[in-house]
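In: would you be able to build a 3D model of this:
(one chain, ligands or ions: 1)
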Amino acid sequence: MRYHIWTLGCQMNVADSQLLASELEKMGHNAAPGDGGDADIMVVNTCVVRQSAEDKGLGRLQLLSKIKETQPQKVIGVMGCMVGVRDPLWMRQRLPYVDVFMPPSDPAPMVSFLKERQNETRALALEAEARTRRDALQDGELILPLHERGQLVSAQVPIVYGCSHACTFCIIPFRRGVERSRRVGEIVAHIRSLALQGVKEVTLLGQIVDRYGKDIPDGPDLADLLRVVHRVAEDVGIERIRFLTSHPNWMTDKLLKTVADLPRVMPHIEVPIQAGDDSVLARMRRGYTADQYRKLVARIRKIIPQVAIHTDIIVGFPGETRAQFMETYRILEELKLDKAHLARYSPRPQTVSDRRMDDDVPDGEKRERHRMLEDLQARVVARINAQYLGQRVEVLVEDKHKNRWRARNPQNKLVFFEAEGDWKGRLATVEITWTGPWSMQARLPQEQPVAEPPLVLAG
Ligand code: SF4
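Out: Numbering: from 1, shown residues only. Predicted coordinates:
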């Protein structure tokens, strides 16, 4: 901005005006040419040693008040003896258009005022920029926090909110409301925006994700949506698509065949069983029997031969006897699933099981059942993973962890490997050299090229 200082009175005032000018220059402001009529910052450095000097000062301020009326953005300041060293209350009342009052030799009030205004201007500019950006967004587009832009490899995309199933133990329907599917266009916009910010894998989310579209008359189902998302993924460079969590009752052949058919949809199905005993399943109000679940697993494996199946299990549900728990143990032993998320039952407020059932399995027993399944699952998964030893698998690299690249194979199993170059966000073909129940180690075959940093169109 440009400034002008009208200096009245003695040499001391001249020096004070120079001091003020110097401070303004340091802030990047410049002296206005001519008589100061065009200046953005107008200061009268006053003198009261004589009435005439005082009148002159008040006369100049009177002229400035007229300018301020029509150009309120101008900054008007008064400095010097008229202001004095105490708060000039009378002046504030008499000269309400003055923005800054400076005691003699003290430019600090003007400096702080201008800094504050700069901050406000900057804040307004930022807000305007954010508004423009928001307006430019399509419904569904998402802006990642700055620290995740260009960094996040795998992101979640909700496609169904809420749940209307009401399993007797579950609080979700009370907290997240009834099932609502998002529109396809919104989901596509969401995914496109993530891709522009560097994301390489999307996981479509729903409490019962395979019910997608059931609440939209003649709406698309999850299989239809996957085909649309797959086309978008090819277009924008999303390498992998997953979806979770499914309910056994809604897993159609059409959906499974679509998964098998689309190369970017990973062979990975999350479908909770919750319990292996039919009477416990009925009390949970899950809507299927253990045998139906068995058949579902066989069907999934037939249609998607390379599939990894994950499940959820609750132990110690009200009334679950040891014998009933052993049904869960046996089905898990029999089905050999790739992962089981285990939980000990605890009553959640408002749920049917909390209101109507007795939480009668002692905590020690729940812990013991949990430990038994954990041990079983570790053995089962160790054997499944051992089959990968020596195989070449394609992994998507998520991050670097303690000098090793952390990646996942199509079945969502963790694979670590060491390699030069920047592999984050890239697909790599690695050879498995060690397997355990929770992760695998691999090496890069000799012929694999060293990775260059990926090209990210950060938004
Ligand atoms: S467990 Fe899943 S399906 Fe059952 S009510 Fe909760 S969210 Fe819905």
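In: quick one: buried residues of stretch 355-369?
Out: 357, 359, 361, 365, 366, 369 (16 or more other Cβ atoms under 10 Å). C-beta: built from backbone N, CA, C; applies to glycine.
In: now name the helix or strand holding residue 21.
Out: Residue 21 is part of helix 11-26 when elements are defined by DSSP states H and E.
In: to clarify, my last question referred to residue 405.
Out: strand 404-408.
In: show me how far that strand is from its chain's centre.
Out: Put simply, strand 404-408 sits 22 Å off its chain's centre (Cα atoms, centre = their mean, to the nearest Å).
In: and that strand, which strands flank it?
Out: Partners of strand 404-408 in the sheet, by DSSP bridges, are strand 392-401 (antiparallel), strand 414-418 (antiparallel).
In: now the helices for the protein?
Out: 11-26, 51-70, 89-94, 108-136, 172-176, 184-196, 222-236, 253-261, 278-284, 290-303, 322-335, 352-356, 363-386 (DSSP state H).
In: was I right about residue 260 contacting residue 306?
Out: No: with contact defined as Cβ atoms under 8 Å, residue 260 does not count as touching residue 306 (9.1 Å).
In: residue in the stretch 201-350 of the chain nearest to the ligand?
Out: residue 207 (3.6 Å; Cβ to the nearest ligand atom).
In: quick one, what contacts that residue?
Out: 160, 162, 163, 165, 172, 176, 179, 245 (Cβ atoms under 8 Å, 6 or more residues apart in numbering).
In: just the buried residues of those.
Out: 160, 162, 163, 165, 172, 179, 245.
In: of these, which are in range of the ligand?
Out: The residues of these that also fall near the ligand, by Cβ under 6 Å from any ligand atom, are 163, 165, 172.
In: number of residues surrounding residue 289?
Out: A count of nearby residues for residue 289, using other Cβ atoms under 10 Å, gives 16.
In: give me the nearest residue to it, chain neighbours excluded.
Out: Counting by Cβ to Cβ, 6 or more residues apart in numbering, residue 278 is the residue found nearest to residue 289 once chain neighbours are left out, at 4.9 Å.
In: correct me, but the one you found touches residue 292?
Out: No: counting by Cβ under 8 Å, residue 278 does not reach residue 292; the two are 9.5 Å apart.
In: what pLDDT does residue 56 get?
Out: For residue 56, the pLDDT comes out at 88.
In: isn't it up against residue 8?
Out: Yes: judged on Cβ under 8 Å, residue 56 makes contact with residue 8 at a distance of 5.8 Å.
In: more crowded one of these two?
Out: residue 8 (24 against 17).
In: check contacts around the closest residue to the more buried one other than its chain neighbours.
Out: Nearest residue to residue 8, sequence neighbours excluded (Cβ to Cβ, 6+ apart): residue 47, at 4.3 Å. Residues near residue 47 by Cβ under 8 Å, 6+ apart: 8, 9, 10, 13, 53, 54, 57, 80, 81, 82.
In: so among the residues you listed, which ones count as buried?
Out: The buried subset of the contacts of residue 47 (16+ other Cβ under 10 Å) comprises 8, 9, 13, 53, 54, 57, 80, 81, 82.
In: let's have these in JSON lines, adding distance to the ligand.
Out: Compiled in JSON lines, those are given as follows (distance: Cβ to the nearest ligand atom, whole Å):
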{"residue": "8", "distance to the ligand": "78"}
{"residue": "9", "distance to the ligand": "79"}
{"residue": "13", "distance to the ligand": "77"}
{"residue": "53", "distance to the ligand": "81"}
{"residue": "54", "distance to the ligand": "79"}
{"residue": "57", "distance to the ligand": "75"}
{"residue": "80", "distance to the ligand": "73"}
{"residue": "81", "distance to the ligand": "76"}
{"residue": "82", "distance to the ligand": "73"}
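In: what's the most distant pair in the residues you listed?
Out: Of all pairs drawn from the buried ones among the contacts of residue 47, the greatest distance, 13.0 Å, lies between 13 and 54 (Cβ to Cβ).
In: need the residues touching each of the two.
Out: Common contacts of residue 13 and residue 54, defined by Cβ under 8 Å, 6+ apart, comprise 46, 47.
In: thinking again about what came up before, buried residues of the strand holding residue 405, list them for me.
Out: 405, 406, 407, 408.
In: now, among these, which is nearest to the ligand?
Out: Checking these one by one against the ligand (Cβ to the nearest ligand atom), the nearest turns out to be residue 408, at 24.3 Å.
In: number of residues surrounding residue 252?
Out: 14.
In: and the gap between it and residue 439?
Out: As for residue 252, its distance to residue 439 is 33 Å (criterion: Cβ to Cβ, to the nearest Å).
In: and what of residue 100?
Out: Residue 100 is 65 Å from residue 439, by Cβ to Cβ.
In: which of those two has more residues huddled nearby?
Out: In this view residue 100 and residue 439 are compared by other Cβ under 10 Å, and residue 100 has more residues nearby, 20 against 13.
In: which strand residues bridge the more buried one?
Out: Bridge pairing for residue 100 - DSSP bridges - gives residue 77.
In: is it true that it touches residue 75?
Out: Yes: taking contacts as Cβ under 8 Å, residue 100 lies within contact range of residue 75: 6.9 Å.
In: which residues do these two both contact?
Out: Shared between the contact lists of residue 100 and residue 75 (criterion: Cβ under 8 Å, 6+ apart) are residues 110, 113.
In: still on that earlier bit, reformat the ones next to the ligand among the buried ones among the contacts of residue 207 as a markdown table; add pLDDT.
Out: Below are those laid out as a markdown table (pLDDT from 0 to 100):
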| residue | pLDDT |
| --- | --- |
| 163 | 92 |
| 165 | 91 |
| 172 | 88 |
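In: got the residues you listed as TSV, with distance to residue 21 columns?
Out: Listed next are these as TSV, based on distance: Cβ to Cβ, whole Å:
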residue	distance to residue 21
163	69
165	74
172	67
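In: closest residue of the stretch 351-459 of the chain to the ligand?
Out: For the stretch 351-459 of the chain, Cβ to the nearest ligand atom, closest residue to the ligand: residue 351, 9.0 Å.
In: pretty sure that residue is touching residue 168, no?
Out: Yes: shown here, residue 351 and residue 168 form a contact pair, counting by Cβ under 8 Å, at 6.3 Å.
In: how about the residues of this structure by the ligand?
Out: 163, 165, 166, 167, 170, 172, 173, 207, 208, 247.
In: any idea which of the residues you listed is closest to residue 217?
Out: Checking these one by one against residue 217 (Cβ to Cβ), the nearest turns out to be residue 208, at 18.3 Å.
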